[in-house]
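1. have a look at this prediction, sequence included:
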Amino acid sequence: MSVSRRRGYLPSHQRRDQILDCALAVFAHKGFHETSIADICVRARIGRGTLYEYFPDKRGVLAALIDRIVRRVLDAIQHWPSLELSPDAESAEASYVTFVEARCGQIMDAVFADADTASLILRMARGTGFVREALARIDQQVVGVIAADIRAHTAWGVVRPFDPQLVAEFIVGGMEKIVIQALDEQRTIDVARIVRELAVLVSRGLLPADPRPRPRSGVPAGPPLRRRPSHTARRPSNPA
């Protein structure tokens, strides 16, 4: 009985996904370089001709796996819930730290939704150029979102008048470095701690010395940030 007779019929998009799932399983077991087209076909129970209907070669399969992860991340970005600064925070700084923390958390959640698969594909794709292209696609979307945040907050008088694009690229570049290193080393990272520390660091650089968010839609601005003294004042010594 031929291979095509053994496999059940699947619509085109389902067959493509099935081939990718099988290829990923074989890659995980044998490694990308040791895996052949025949190995993938055996796992997927298809003939070579069927695979070549969807992919030009093994590199094309790997490129499609990377594209699937990128699309998942981009889809998550498109469905992010909107974020707004809270006027009820104890201070402007606390409000902005909370905002940046939530935005960074959205980014991390999107990337680490399937960390094992992302880590495997990242290692396989090293040196192919696929990783650089994939990151560029994700960066474009994420940088755009953060730059829009900063642009709006600058117009409201919440943050200093920085270049929104430059600041967004700086933030995304730092997060990208942390994420890639963690995935590459198959290392678990404390996402909550990282986004919190990043939020505090970024916020204190963006906020002016006396941040007062401008009121929006009739919401009164919060009180000015109260700064703590950098050192304890010395008490005058008792007169002799």
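-> Noted; the coordinates are in hand.
2. contacts for the stretch of helix or strand residue 41 belongs to, please.
-> Assigned by DSSP states H and E, residue 41 belongs to helix 37-44. Residues outside helix 37-44 that contact it (Cβ atoms under 8 Å, 6 or more residues apart in numbering): 3, 7, 18-19, 22-23, 25-26, 30, 47-48, 50-51, 57-58, 61. Yep, even glycine has a C-beta here, placed from its N, CA and C like the rest.
3. can you give me the domain boundaries for the protein?
-> With domains defined by automatic domain parsing, the chain comprises 3-55, 62-206.
4. and the ones you listed as CSV, adding mean neighbour count?
-> Converted to CSV, the domains of the chain look like this (neighbours: other Cβ atoms under 10 Å):
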stretch, mean neighbour count
domain 3-55, 15
domain 62-206, 16
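5. show me what the helix or strand where residue 62 lies is packed against.
-> Using DSSP H and E, residue 62 falls within helix 58-78. Here helix 58-78 touches helix 12-30, helix 37-44, helix 92-111, helix 115-124, helix 130-155, going by 3 or more Cβ pairs under 8 Å, 6 or more residues apart in numbering; DSSP states H and E.
6. identify whichever of the ones you listed lies nearest to residue 193.
-> helix 92-111 (10.8 Å; Cβ to Cβ).
7. how about the residue most central in space within the chain, what does it touch?
-> When Cα atoms, centre = their mean is applied to the chain, the residue found nearest the centroid is residue 107 (3.7 Å). With contact set as Cβ under 8 Å, 6+ apart, residue 107 has these partners: 142, 172, 175.
8. from residue 140, how far off is the last one?
-> Remark: distance between residue 175 and residue 140 (Cβ to Cβ, to the nearest Å) = 15 Å.
9. from residue 43, how far off is the residue lying closest to residue 120 once chain neighbours are set aside?
-> Nearest non-adjacent residue to residue 120, counting by Cβ to Cβ, 6 or more residues apart in numbering: residue 28, 5.7 Å away. Using Cβ to Cβ, we find residue 28 at a distance of 11 Å from residue 43.
10. now residue 194
-> Residue 194 is 37 Å from residue 43, by Cβ to Cβ.
11. for the domains of the chain, give me CSV that also has mean pLDDT.
-> Converted to CSV, the domains of the chain look like this (pLDDT from 0 to 100):
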stretch, mean pLDDT
domain 3-55, 88
domain 62-206, 86
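12. phi, psi of residue 81?
-> phi -70, psi 150 (degrees, to the nearest 10).
13. give the contact list for residue 64.
-> 16, 20, 54, 55.
14. now with 7 Å, please.
-> Going by Cβ atoms under 7 Å, 6 or more residues apart in numbering, residue 64 touches 20, 55.
15. again, but for the one 10 residues further on
-> Under the criterion of Cβ under 7 Å, 6+ apart, the contact partners of residue 74 comprise 138, 141.
16. run the last query once more with 6 Å
-> residue 141 (Cβ atoms under 6 Å, 6 or more residues apart in numbering).
17. quick one: it from residue 186, how far?
-> Relative to residue 186, and taking Cβ to Cβ, residue 74 is found at 24 Å.
18. quick one: classify the closest residue to residue 99 other than its chain neighbours as helix, strand or coil.
-> Here the nearest residue to residue 99 in space, its sequence neighbours aside, is residue 85; by Cβ to Cβ, 6+ apart that works out to 5.4 Å. In three-state terms, and counting by DSSP: H, G, I helix; E, B strand; the rest coil, residue 85 is coil.
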